[in-house]
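>>> What follows is a predicted structure for the sequence shown.
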Amino acid sequence: MFNRDKKDFIISLYDFSQEARVALNHASLIAGQTGNEVRLLHIVNQETRSKLKKTEADMNSLMEQLKEVAEKNQAETGVPTSYYAIEGSIFTTISEYAEEIGAVLMVLGTHGVQGMQYIIGAHSQRVILSASIPVIVVQKTKANYHGYKKIVVPIDYSKFGKNKIENAIAIAKYFKSEVILFKSSEKDPYLADIINTNLSYAYFLLKIDQIPHVLHTENPVEESFSVQIIDLAMKHEADLLVISSEHKSDTMRDLFFGIHEINIINNEAEIAVMCVNPLDDPDEMEPDTEF
């Protein structure tokens with residue numbers, strides 16, 4: 001995920017909203033630990049042009065505003081901060097640009113669930129699922145000054161989410177975090193076996209990097225899996241939750257967010273959530289301890 005010998009980019013999506021400022025805060029916190037550069041990214045679309053027209057501004061003034069934000073952030077945090085604006089669609093251009101510059105992480109702010117629309121928000125969801133890199137989603141709560149000291153990682157029966165564990169450990173290594181594993185409870189022997197395999201994989205990597213960790217198990221007679229995860233995170237005052245998207249079939253075209261993932265991303269405690277899309281060939285994965 002991170003290369004200690006190379007200064008990669010962490011993209012912070014920026015639209016001048018409060019959530020975007022919080023995203024920049026989280027991106028800068030991470031970059032300060034990993035030695036990366038933060039790249040503010042603004043997508044110029046119809047909405048941007050409409051706002052510019054209302055304020056009688058132009059692209060030059062937009063670039064000046066981005067420059068001002070970048071320079072202020074760099075002065076305040078000491079983190080190299082650059083900026084870029086590109087015309088296109090947030091649904092495709094963001095992921096394309098991330099690949100083009102070799103970004104290793106993306107941070108975006110979301111308004112959460114609004115009204116009766118019980119999804120992350122069509123925009124955020126499509127951005128996350130189209131990204132080939134992990135995406136950290138934040139709401140309106142800035143990162144704690146100490147960083148991500150406690151990280152919650154659900155362990156379930158998805159064989160497509162093992163890289164979620166690797167990415168969680170990559171973050172934990174930089175922040176000297178404690179990893180809190182939350183194991184799904186399943187009666188089905190086949191599913192239970194997959195869960196135990198995923199748990200063993202997590203233990204293997206945690207042991208290699210000597211990362212402190214603790215295990216909790218879902219209570220099948222209590223509330224839903226996602227509710228218990230959020231409650232656990234709140235109880236431990238967690239700084240980060242790490243999840244992966246679900247999988248409908250054996251084709252990567254069917255990535256989507258299930259109800260558990262949506263609940264976690266929009267958690268009431270506004271804990272940051274790192275979303276990691278599954279790899280194509282999980283059965284062929286070998287433990288990767290070099291981040």
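Looks like it arrived, so ask away.
>>> so where do the strands sit in the protein?
For the chain, the strands defined by DSSP state E occupy 9-13, 37-44, 81-87, 105-109, 135-138, 150-155, 178-183, 213-217, 240-244, 246-247, 255-256, 272-276.
>>> buried residues in the third one?
For strand 81-87, the neighbour count (16 or more other CB atoms under 10 Å) marks 81-85 as buried. (C-beta placed from N, C-alpha, C; glycine too.)
>>> in the sheet, who's paired with T217?
Going by DSSP bridges, T217 is paired in beta bridges with K183.
>>> That one contacts S185, correct?
Yes. Applying CB atoms under 8 Å, one finds T217 in contact with S185, separated by 5.9 Å.
>>> Using CSV, lay out the strands of the chain together with mean pLDDT.
CSV is the format used below for the strands of the chain (pLDDT from 0 to 100):
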stretch, mean pLDDT
strand 9-13, 96
strand 37-44, 94
strand 81-87, 95
strand 105-109, 94
strand 135-138, 94
strand 150-155, 96
strand 178-183, 98
strand 213-217, 97
strand 240-244, 94
strand 246-247, 54
strand 255-256, 50
strand 272-276, 94
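>>> Let me have those strands in a markdown table, extended by distance to N196.
Formatted as a markdown table, these follow (distance: least, CB to CB, whole Å):
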| stretch | distance to N196 |
| --- | --- |
| strand 9-13 | 34 |
| strand 37-44 | 39 |
| strand 81-87 | 44 |
| strand 105-109 | 30 |
| strand 135-138 | 28 |
| strand 150-155 | 9 |
| strand 178-183 | 9 |
| strand 213-217 | 12 |
| strand 240-244 | 18 |
| strand 246-247 | 19 |
| strand 255-256 | 25 |
| strand 272-276 | 21 |
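>>> So, low pLDDT: which residues of the stretch 1-150 of the chain?
The model of the stretch 1-150 of the chain has pLDDT under 70 over residues 4-5, 52-57, 112-123.
>>> would you list every one of the helices in it?
For the stretch 1-150 of the chain, applying DSSP state H, counting those that start in this stretch gives helices covering 18-34, 46-54, 59-77, 93-101, 122-130.
>>> Please identify the deepest-packed of these.
helix 18-34 (a mean of 22; mean count of other CB atoms under 10 Å).
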